[in-house]
Structure formats: C-alpha cells, structure tokens
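Peer 1: Build me a structure from this.
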Amino acid sequence: MENNSNSSRTDRKTIERNRRNHMKSLYSKLNSLVPHQTSRESATLPDQLDEAANYIKRLQEKLEKMKEKKENLMGFERPNTSPTCGAAMAGLKPPQIDIHEKGSALEVVLITGLDFQFMFNETIRVFHEEGVEIVNASFSVVDDTVFHTIHAQVEEPAMGNRAARISERLKKFVF
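Peer 2: Here you go, the predicted structure:
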C-alpha cells in the first residue's frame, strides 16, 4: 500500500511540475508577443499579465476606431455610432451614377460627395478587372459635390455582355 501511495504522490508531483512548466511556457509566449514599456526581467508575472491585458484592450479600441473610420470612408453608417457622428452622416447626399453606352464606348458620370471619393477608385478597379481601356477621366468639384466623368473603350467581340456586366457592378456601389 505504501508503494502505491508513493507512486501516486510521485505522479501528482510530476503532473504538477508539467503543468507549471506548461504555464511558464505559455506566459513566456504571451510575454514575447507584447511590446514592453519596462524591462522584461524586472516585471513580475502579475505585472506582465496586466501589461498583456492592457495591450489587448488598446488593440481592441484601436481596431474599433479603425473600423469606424473605414465605414465612414466607405459611406456606411454604423447603428451604434454616437449621435454627432450619425447626424453628420445623415446630411450626406447619396452618390449617383449614370452609365451610357455609345457603340463600343462607355461614358460613366459619377456624382459623389466629398466623403465618397473611394467610389471613383472602385469604378477604375472594376474597369481594370473587366479589361476595359480608360480613354479619359476627369472630375470637377462644386461646393461639396464631386462630378467624375470617365470615358472608356470596351473591346468589340464581347462588348454587349461586358458593358451590361460593368453597368451592374458599378450600380452595386451606389444602390
């Protein structure tokens, strides 16, 4: 019976030692991922864990701010935004797009507010992805409205289908 007791005690000690080594390895891994304000050797384990938790919270806050900024730039309103931000977004005019086909040529007139500049970039990206050659692109700004005009050339063989597909893709940005 004493052999069994000694064996059991040794097993518990081994298990506990392995658990502590594993935890130490995990703490070390966590510590290596966190930028440090203070010297690594001087910080106690609880201080290192606090520093890691604070770092994660700062990253979460930064991520949330970046998401809000991206959505503002993309022209979307978040349901949980502050009242002042929502009021500012409510005053924005929605973008408009007119697409005219003239033979193998496309003319796109994009009318946006100053906060919807990304739509011009997206329009150019769609043309590039569709293999359309941009002949001319210009814009003018009147007050808080930007008028973009893009003239493009569509290849002859699949012109009809391609022009319709491009029109559909561009309208998705607006509607």
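
Peer 1: Read off the pLDDT value for P95.
Peer 2: For P95, the model assigns a pLDDT of 80.

Peer 1: and it, how many neighbours?
Peer 2: Using other C-beta atoms under 10 Å, P95 has 21 other residues around it. Glycine gets a C-beta too; all of them are placed from N, C-alpha and C.

Peer 1: Need the pLDDT of N80.
Peer 2: N80 is given a pLDDT of 45.

Peer 1: Now the closest residue to I99 other than its chain neighbours: which helix or strand?
Peer 2: In space, and not counting its chain neighbours, I99 is closest to S167: 4.7 Å by C-beta to C-beta, 6 or more residues apart in numbering. Assessed by DSSP states H and E, S167 sits inside helix 159-174.

Peer 1: could you point out where this structure is predicted with low confidence?
Peer 2: Along the chain, the model assigns pLDDT under 70 to residues 1-3, 37-41, 74-93, 117, 156-163, 173-175.

Peer 1: Helices of this structure, residue ranges please.
Peer 2: 2-33, 45-74, 83-90, 118-130, 159-174 (DSSP state H).

Peer 1: Ok, which of the ones you listed comes nearest L110?
Peer 2: helix 118-130 (6.1 Å; C-beta to C-beta).

Peer 1: Just the angle for the closest one relative to helix 45-74, thanks.
Peer 2: Orientation of helix 118-130 against helix 45-74 (axes from the mean of the first three to the mean of the last three C-alpha atoms, to 10 degrees) gives an angle of 80 degrees.

Peer 1: Format the helices of the chain as TSV; extra columns: mean neighbour count.
Peer 2: TSV is the format used below for the helices of the chain (neighbours: other C-beta atoms under 10 Å):
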stretch	mean neighbour count
helix 2-33	10
helix 45-74	12
helix 83-90	11
helix 118-130	16
helix 159-174	15
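
Peer 1: now the ones you listed in a markdown table, with distance to I97?
Peer 2: Listed next are the helices of the chain as a markdown table, based on distance: least, C-beta to C-beta, whole Å:
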| stretch | distance to I97 |
| --- | --- |
| helix 2-33 | 45 |
| helix 45-74 | 16 |
| helix 83-90 | 20 |
| helix 118-130 | 8 |
| helix 159-174 | 5 |
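
Peer 1: between these, which one is nearest to D144?
Peer 2: helix 83-90 (12.2 Å).

Peer 1: Any chance of the backbone angles for A43?
Peer 2: Note on A43: backbone dihedrals following degrees, to the nearest 10 are phi -80, psi 140.

Peer 1: residues contacting it?
Peer 2: 36, 51 (C-beta atoms under 8 Å, 6 or more residues apart in numbering).

Peer 1: Please verify my assumption that L170 contacts I124.
Peer 2: No: counting by C-beta atoms under 8 Å, I124 is not a contact partner of L170; they are 10.7 Å apart.

Peer 1: If anything else comes up later, I'll come back, but that's it for now.
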